[in-house]
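Enquirer: just a sequence and a predicted model for now, questions to come.
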4 protein chains.
Amino acid sequence: MAARVGAVASFQPRDPAFESRVRASFARQSMMTTLGAFLERVVPGEVDIALPFRAELTQQHGFLHAGVTTSIADSACGYAALTLMPPEAAVLTVEFKVNLLAPAAGQLFIARGRVLKAGRTLNTCSGEVFAIDGGAPKHVLAMLGTIMTVENRSGLAD
Amino acid sequence: MAARVGAVASFQPRDPAFESRVRASFARQSMMTTLGAFLERVVPGEVDIALPFRAELTQQHGFLHAGVTTSIADSACGYAALTLMPPEAAVLTVEFKVNLLAPAAGQLFIARGRVLKAGRTLNTCSGEVFAIDGGAPKHVLAMLGTIMTVENRSGLAD
Amino acid sequence: MAARVGAVASFQPRDPAFESRVRASFARQSMMTTLGAFLERVVPGEVDIALPFRAELTQQHGFLHAGVTTSIADSACGYAALTLMPPEAAVLTVEFKVNLLAPAAGQLFIARGRVLKAGRTLNTCSGEVFAIDGGAPKHVLAMLGTIMTVENRSGLAD
Amino acid sequence: MAARVGAVASFQPRDPAFESRVRASFARQSMMTTLGAFLERVVPGEVDIALPFRAELTQQHGFLHAGVTTSIADSACGYAALTLMPPEAAVLTVEFKVNLLAPAAGQLFIARGRVLKAGRTLNTCSGEVFAIDGGAPKHVLAMLGTIMTVENRSGLAD
């Protein structure tokens, strides 16, 4: 039983254009441009976002502000969920929780969002941010959140 | 009993210079400058941060990115805790939880951080963000988080 | 502005039988009977549950187990949301976050659930647990959670 | 880099008697006896707790109450952290967040707690609950939480 308990979900996208759709929506998130973040990897149920360190994004001790690592983790989770949504749906974050495991010190930060459960309306996602600074990546943030699949709401897309 | 159940804590600051200390630390958070946020109100156990809307801070639908409202709520909670810390301590966010009650649409956003419980090492804080756009303020974000009082760690202050 | 920022919502129930409906559903939660909890107060958007201390419900140090205070806070939040739901809907917890402010020591515990935002599908609720032991009530738990209004799902009611 | 980003921590216990210590503390959690839960697996940084379904532990639709699955996930996380603590320390839950991925229907429930980061004072843990009912285990709960290592507090042990 132990072996089966950890089984990882595999996902079938419902929109074959999921990757271009995610990339186009990401490009419209002006906040990602302001941060200097870019979209690295888009596969069904999983998305990576990279962010180089910038001194304009820090808190009082010189580490990245928690709101910055949270921003890229939230976008990674939301877009991981969007890869699995039907073509006409829009993505909306309902809630998340973040644990800060270590100060966000480093040259490059990678946020990975992953769908744990894709439901009809609600999707549960986990996010992680790793700091890279020469040696092994350091795990700096863990996220657990809920992303909504919004259908039939005029004016909202992707 | 009902009346007593909702009682609000009142706090005595342990550092008489709490306000200038919070203002100096806020000024070192380059992320707040990048967002265009400013510190409004600093009283023992409670801090308000204001942020005018800017198109550079949005997600794909044109609302403020959840990471932006989270950033000002986190700073408001952290500084609410700092108002009550002893002079030599530094403030560090351990974790927070955020519920997004409505899209962050509006001209001005006010984040209020409030200490629910000030402990020796850990402080529990609640945060709220309101959007203001002509009419009554709209409650857009609720936060609950843990802020650590860090003592005797060389190199970390406020 | 400061005065308006803290404004409390007032709610109109959509089912005039909201109280008897909540009481009947609570009576079907066998877990509440197992804990020895009872439903105290049911008003639109707000529900109180009381639980006397019992040694069978403790963790290793003799305080109530966090799962116990969480159970009554979750039921209080869920039923606060149910007071506002349309007649045919069922209530389901999506997620919650809990901060434990102090050890759950005392003779009586009161959980209060309150709706912060009632949406069409999702409701955001806050919960608090107070311990009562002679003196002033002590705030031992803060909860923030999401409760779903489930409609048109056969077999689920209230 | 992708391969290294997911790396799993491996832990060295600081108390060689970690397993008997966890088992003795679990035996003192009367709540676990009340639920009918038992401790299955105790390894450094990871603990499994099993709970057979019982009708006395349900919510109004006949599924296990969220407070029940939360209780075993919280104990699994706390004891996962305790496996790594120094001999004289006590374990205390600071906070957690829970996402309910599916109704807790099944004959047997397994909660697995795992340490993500073991710090001097604070430990970040993740928890999962799986429901087993003939077929493949179903993931019903995800937890992310903070567990405190309490030292030098008279009267608290393990």
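Expert: Yep, it's here.
Enquirer: strands along chain A, start to end?
Expert: A:38-43, A:46-52, A:90-100, A:108-118, A:122-132, A:138-150 (DSSP state E).
Enquirer: in CSV: these, plus mean neighbour count and mean pLDDT.
Expert: For the C-beta atoms, the positions are set from N, CA and C on the backbone; glycine is no exception. Shown next, in CSV, are those (neighbours: other CB atoms under 10 Å in any protein chain shown; pLDDT from 0 to 100):
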stretch, mean neighbour count, mean pLDDT
strand A:38-43, 16, 98
strand A:46-52, 22, 98
strand A:90-100, 25, 98
strand A:108-118, 23, 98
strand A:122-132, 24, 98
strand A:138-150, 23, 98
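Enquirer: turn those into a markdown table, columns for distance to chain C.
Expert: Below are these laid out as a markdown table (distance: least, CB to the nearest CB, whole Å):
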| stretch | distance to chain C |
| --- | --- |
| strand A:38-43 | 25 |
| strand A:46-52 | 21 |
| strand A:90-100 | 6 |
| strand A:108-118 | 11 |
| strand A:122-132 | 6 |
| strand A:138-150 | 6 |
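Enquirer: turn these into TSV, including distance to D:Thr83.
Expert: Formatted as TSV, those follow (distance: least, CB to CB, whole Å):
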stretch	distance to D:Thr83
strand A:38-43	34
strand A:46-52	30
strand A:90-100	19
strand A:108-118	25
strand A:122-132	23
strand A:138-150	19
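Enquirer: you'd agree A:Lys117 is up against D:Ala102?
Expert: Yes. The pair A:Lys117 / D:Ala102 is scored as a contact, 7.1 Å apart, by CB atoms under 8 Å.
Enquirer: of the strands of chain A, which is nearest chain B?
Expert: strand A:90-100 (4.2 Å; CB to the nearest CB).
Enquirer: circling back: which stretch among the strands of chain A comes nearest B:Met148?
Expert: strand A:90-100 (9.7 Å; CB to CB).
Enquirer: ok, back up a step: now do the shared contacts for A:Lys117 and D:Ala102.
Expert: Residues touching both A:Lys117 and D:Ala102 by CB atoms under 8 Å, 6 or more residues apart in numbering or on different chains: D:His139.
Enquirer: run a quick neighbour tally on A:Ala37.
Expert: Neighbour count for A:Ala37, taken as other CB atoms under 10 Å in any protein chain shown: 22.
Enquirer: beta partners of the closest residue in space to it that isn't next to it in sequence?
Expert: Sequence neighbours aside, A:Leu51 is the residue nearest to A:Ala37 in space, at 4.4 Å (criterion: CB to CB, 6 or more residues apart in numbering or on different chains). Applying DSSP bridges to A:Leu51 yields these beta-bridge partners: A:Phe109.
Enquirer: ok, A:Leu51 - contacts?
Expert: A:35-38, A:68, A:72, A:108-111.
Enquirer: switch the cut-off to 6 Å
Expert: A:35, A:37, A:72, A:109 (CB atoms under 6 Å, 6 or more residues apart in numbering or on different chains).
Enquirer: mind putting those into a markdown table with distance to B:Glu128?
Expert: Putting the contacts of A:Leu51 into a markdown table (distance: CB to CB, whole Å) gives the following:
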| residue | distance to B:Glu128 |
| --- | --- |
| A:Leu35 | 24 |
| A:Ala37 | 27 |
| A:Ile72 | 24 |
| A:Phe109 | 28 |
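Enquirer: run a quick neighbour tally on A:Ser20.
Expert: Neighbours of A:Ser20 (other CB under 10 Å): 11.
Enquirer: and it, how far from A:Glu46?
Expert: 17 Å (CB to CB, to the nearest Å).
Enquirer: same question for A:Cys125.
Expert: Counting by CB to CB, the gap from A:Cys125 to A:Glu46 is 10 Å.
Enquirer: any common contacting residues for these two?
Expert: Joint contacts of A:Cys125 and A:Glu46 (CB under 6 Å, 6+ apart) are A:Ala80.
Enquirer: next up, the contacts around the residue nearest to the spatial centre of chain A.
Expert: Among the residues of chain A, A:Ala76 comes closest to the average C-alpha position under CA atoms, centre = their mean, at 1.3 Å. Residues near A:Ala76 by CB under 6 Å, 6+ apart: A:47, A:49, A:111, A:113, A:127.
Enquirer: beta partners for the fourth one?
Expert: Spelled out, that is A:Gly113. Bridge pairing for A:Gly113 - DSSP bridges - gives A:Val47, A:Gly127.
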